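J.: Predicted model, plus sequence, below.
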Amino acid sequence: MPVHPTAIVDASAKVADSAIIGPYCVIGADVEVGARTELKSHICVEGPIRIGEDNHFLPYSSIGGQPQDLKYHGERTETVIGDRNKVYEFVTIHRGTTGGGGITRIGNDNLLQAYVHVAHDVQVGNNAMLGHAVTFAGHVKVCDWAWIGAYTGVHQFCTIGRHSFVGGYSVVTQDVMPFSTTVSERVIKTFGANKVGLERRGFSKETVEHLQTAMRLLTHSKLNTTQAIEKILEEIPQCEEIDELIAFIRASERGIVK
């Protein structure tokens with residue numbers, strides 16, 4: 001494996017032959033790095049951690065570090081990172097805690113822009129885009145294809161639904177509905193379906209219209225959430241996306257952004 005002479009790699013680390021470890025990187029014990037993953041320079045990786053294949057880490061990231069949780073006292077927990085992720089400068093990713101399942105997990109094909117913070121026990125799915133300085137408290141779940149704008153802060157235990165778009169500088173304290181466009185100024189609000197993003201990803205015009213109608217009933221009618229769901233079931237033809245939206249709302253423990 002190509003290891004720069006200034007890098008420090010623990011003897012117990014398992015680094016694929018085709019991985020690249022750049023200048024001044026520090027690779028600790030109990031670290032696994034998959035094929036063709038590149039750590040550009042000045043990156044600290046602490047174990048236990050498993051990093052998959054074809055990932056790209058830019059300088060000054062801290063990956064797999066100790067969680068910022070006062071209940072953590074050195075228990076063995078881990079970080080798991082999938083394949084083809086791009087992690088930019090100054091990103092911090094902390095390993096899990098026993099109280100949160102013990103694993104911080106990042107899936108495949110995600111983009112983490114500069115200064116993103118992924119706290120303990122966060123679960124990020126696939127194809128998510130996390131803008132500059134997005135900050136997650138512990139136990140956040142980010143579903144597939146979510147886009148989160150720069151400088152957004154997400155409260156612990158919140159879920160960001162699939163194919164949703166969260167505008168920059170938002171403060172998220174409740175679950176964000178799948179397929180929605182959600183932006184906070186002084187008060188966080190949902191404005192409707194994530195029309196542009198859904199169309200780009202191949203959702204049919206009919207499905208997008210159904211979701212937009214559902215969002216209007218949930219956010220712009222004078223119905224409460226239960227009444228809005230009843231109206232959706234009465235007026236909108238059944239489809240997988242509407243079923244997912246309703247199931248998400250019913251499963252939400254913190255309430256949804258409206």
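T.: Right, received. Where do you want to start? Everything numeric here is computed off the predicted structure, so don't read it as measured data.

J.: mind listing what Leu218 touches?
T.: When contacts are counted by CB atoms under 8 Å, 6 or more residues apart in numbering, Leu218 is found next to 177, 190, 225, 228, 232, 249, 256, 258. Where C-beta positions appear, they are placed from N, C-alpha and C, glycine not excepted.

J.: which of these count as buried?
T.: 177, 190, 228, 232, 249, 256, 258 (16 or more other CB atoms under 10 Å).

J.: ok, back up a step: what's the closest of the contacts of Leu218 to Arg201?
T.: Closest to Arg201 out of the contacts of Leu218 is Met177 (16.5 Å), distances taken as CB to CB.

J.: residues in contact with that closest one?
T.: Met177 touches 161, 164, 190, 215, 218, 245, 248-249, 256-257, counting by CB under 8 Å, 6+ apart.

J.: Show me which of those is closest to His4.
T.: Distances from His4 to the contacts of Met177, taken by CB to CB, are shortest for Ser164, at 40.1 Å.

J.: quick one on the thing from earlier: show me the contacts of Met177 that map onto strands.
T.: Thr190 (DSSP state E).

J.: Save the contacts of Met177 as TSV, and put in distance to Leu112 and pLDDT too.
T.: Formatted as TSV, the contacts of Met177 follow (distance: CB to CB, whole Å; pLDDT from 0 to 100):
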residue	distance to Leu112	pLDDT
Gly161	19	97
Ser164	17	97
Thr190	25	79
Met215	28	91
Leu218	30	91
Leu245	27	94
Phe248	24	95
Ile249	28	94
Ile256	25	86
Val257	23	83
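
J.: Which of the contacts of Met177 sits closest to Pro237?
T.: Leu245 (13.4 Å).

J.: and the closest one, how many residues sit next to it?
T.: When counting by other CB atoms under 10 Å, one arrives at 27 neighbours for Leu245.

J.: Confirm for me that Arg105 is in contact with Asn126.
T.: No: at 11.0 Å, Arg105 does not count as touching Asn126 under the criterion of CB atoms under 8 Å.

J.: residue boundaries of the helices in the stretch 151-258 of the chain?
T.: Ranges of helices in the stretch 151-258 of the chain, per DSSP state H, counting those that start in this stretch, are 195-200, 205-219, 225-235, 240-251.
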